[in-house]
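S.K.: Next comes the sequence, and after it the predicted model I'd like to discuss.
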Amino acid sequence: MTERYLILSDGTAYKGQAFGSPATTSGTIVFNTSVTGYQEIITDPIYHNQIIVFTTPTIGAVGVNHESYESILPTAKGVVVREVAEVSTNRQRSLSLDQFLRVHNIPGIAGIDTRQLVRKLRTHNGGLNASIVDVADEHAFDQLNAIVLTNQQVSQVATPRPYANPGMGHNIVVMDFGLKSGILRELAVRDANVTVVPFTTTADEILNLDPDGIILSSGPGDPRDLGPDILATIKTLETRIPLLGIGLGHELFALANGATIQRLPVAHQGMNHPIREIITNQIMYAAQAEEYGVDRESIDRNQLLITHIDLIDGSIQGLRHRDYPAFSVQFFPDAAPGPWEATQVFDDFIELTGIRGEQR
């Protein structure tokens, strides 16, 4: 393999071996602790403009298959691993990881001490930028320190036009903030008739579609960058139609109801996070990909109930409105990748939409 370098904005450089695209790239660097599901992670729009470090020692053994895409065109900036597998015996494989990254012009670098790198990333609240380059010289670091990453990630990955994902069941509208396919798959399993709309769609335009329920999708970036118009739309919709927020949608639901958002000391990126559902005291494991969380002290307890918490750091993982059939979860209940324990969230949501459907 050709030698390449991973350089960080704190001045650190790591020498490794290139795979995937030979392009030079820059982005925010994050780490993910998932043992499996690397294809779903790389293709998840939440990793837009990010370089992903995988903590699992070997990545690539199952190849890439057509069933595990979370978006058609991945927008992750790079992949960092300890070792990349060159051989796969998976019968579903259509491409190797190396071939997949080449097709989508995403560079990878192997041979990195990911344990040491992750320890460094855990100490940098606010994140570091990084580049994958051919030469780790002063010019490369100057270019890295000069980059300004956009805060308009949602507009870059969300659909600009509405489209349908037809079914024969309840009429569901999904507001796309960076929608991952796993949400649509779970709705399809429940035979929902889905219309996906741009995140800029107004409340009146959504209500004119006569939905039984509304989902605020997951997506990348800081929810505070999306502005007050989105929050006003959510505030209107939650009083009229059953609503579910997921990931970024959860954070927007909290903001719309007066809570504040703060950056987590250590981002949650993985499929092994234990979460407790407060009302039942049951423990589930679910996938998470979050850099921001809801500030517990900012929650108006007359409006919102806390329904789920993370057992590692106590962060809020679920909210429910006291007065309206509206709730949200910070984690990913679509199991793409991840355990299937959290898919019950979609059953709860469909049950709410069914009540409205029967009332109409």
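M.R.: Received, thanks.

S.K.: distance of Gly314 from Ile241?
M.R.: Relative to Ile241, Gly314 is positioned 32 Å away (criterion: Cβ to Cβ, to the nearest Å). C-beta: built from backbone N, CA, C; applies to glycine.

S.K.: Ok, Val345 next?
M.R.: For Val345, the distance to Ile241 equals 17 Å [Cβ to Cβ].

S.K.: ditto for Thr201
M.R.: Relative to Ile241, Thr201 is positioned 13 Å away (Cβ to Cβ).

S.K.: beta partners for the residue nearest to Ile29 when sequence neighbours are not counted?
M.R.: In space, not counting the residues next to it along the chain, Ile29 is nearest to Ala130; the distance is 3.9 Å by Cβ to Cβ, 6 or more residues apart in numbering. For Ala130, the beta-bridge partners under DSSP bridges are Leu8, Gly27.

S.K.: residues contacting Ala130?
M.R.: Ala130 makes contact with 6-9, 26-29, 51, 78, 144, according to Cβ atoms under 8 Å, 6 or more residues apart in numbering.

S.K.: how about Asp347, secondary structure?
M.R.: Using DSSP: H, G, I helix; E, B strand; the rest coil, the three-state assignment for Asp347 comes out as helix.

S.K.: measure it to Lys180 for me?
M.R.: Counting by Cβ to Cβ, the gap between Asp347 and Lys180 amounts to 19 Å.

S.K.: These two - which one has more neighbours?
M.R.: Looking at Asp347 and Lys180 with other Cβ atoms under 10 Å, you find the greater number of neighbours at Lys180, namely 24 against 12.

S.K.: Can you verify my assumption that that one contacts Asp334?
M.R.: Yes. Using Cβ atoms under 8 Å, Lys180 is in contact with Asp334, at 7.0 Å.

S.K.: pLDDT on stretch 257-276, on average?
M.R.: Stretch 257-276 shows an average pLDDT of 92 in the prediction.

S.K.: center of the chain - which residue?
M.R.: Computing the C-alpha centroid of the chain and ranking residues by Cα atoms, centre = their mean puts Ile46 first, at 3.8 Å.

S.K.: All the helices of this protein, residue numbers only.
M.R.: Listed in chain order, the helices found in the chain under DSSP state H are 38-42, 97-103, 114-122, 138-146, 153-157, 181-189, 203-207, 228-238, 248-256, 344-359.

S.K.: So in this protein, which strand runs the longest?
M.R.: If each strand of the chain is counted by residues according to DSSP state E, the longest one is strand 261-277.

S.K.: Would you give the sheet partners of that strand, along with the direction of each?
M.R.: Strands that pair with strand 261-277, judged by DSSP bridges, come out as strand 282-294 (antiparallel), strand 304-310 (antiparallel).

S.K.: what about Thr201 and Ile241, which has more around it?
M.R.: Residue environment comparison for Thr201 versus Ile241 gives the larger neighbour count to Ile241, 23 against 18, counting by other Cβ under 10 Å.

S.K.: Pass me the low-pLDDT residue ranges in the stretch 51-200 of the chain, would you?
M.R.: Along the stretch 51-200 of the chain, segments meeting pLDDT under 70 span 87-93, 125-126.

S.K.: PyMOL command to pick out the buried ones of the contacts of Ala130?
M.R.: Buried members of the contacts of Ala130 can be picked out in PyMOL with the line below, counting by 16 or more other Cβ atoms under 10 Å:
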select buried, resi 6+7+8+9+26+27+28+29+51+78+144
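
S.K.: CA-only coordinates of stretch 22-31, as PDB, when you get a sec.
M.R.: Written as PDB, here are the backbone C-alpha positions of stretch 22-31 (Å, rounded to 0.1, in the frame of the first residue of the first chain):
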ATOM      1  CA  PRO A  22      -6.300   8.600  -3.500                       C
ATOM      2  CA  ALA A  23      -8.000  12.000  -3.000                       C
ATOM      3  CA  THR A  24      -6.800  14.500  -0.300                       C
ATOM      4  CA  THR A  25      -9.600  15.300   2.100                       C
ATOM      5  CA  SER A  26     -10.400  17.400   5.200                       C
ATOM      6  CA  GLY A  27     -13.200  17.300   7.700                       C
ATOM      7  CA  THR A  28     -14.200  17.000  11.400                       C
ATOM      8  CA  ILE A  29     -12.800  13.700  12.800                       C
ATOM      9  CA  VAL A  30     -15.000  11.500  15.000                       C
ATOM     10  CA  PHE A  31     -14.800   7.900  16.200                       C
END
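
S.K.: ok, now which ones touch Gln99?
M.R.: Here Gln99 is in contact with Val64 (criterion: Cβ under 8 Å, 6+ apart).

S.K.: Report how many residues lie close to the nearest residue to Thr201 once chain neighbours are set aside.
M.R.: Here the nearest residue to Thr201 in space, its sequence neighbours aside, is Met175; by Cβ to Cβ, 6+ apart that works out to 6.6 Å. Number of residues near Met175 (other Cβ under 10 Å) recorded here: 26.

S.K.: for Met175, what are its contacts?
M.R.: With contact taken as Cβ under 8 Å, 6+ apart, Met175 is in contact with 197-199, 201, 206, 214-217, 249.

S.K.: Okay, it and Leu226: tell me how far apart.
M.R.: When Cβ to Cβ is the yardstick, Met175 and Leu226 sit 11 Å from each other.

S.K.: Give the residues shared as contacts by the two.
M.R.: When contacts are counted by Cβ under 8 Å, 6+ apart, the set common to Met175 and Leu226 consists of Phe199.
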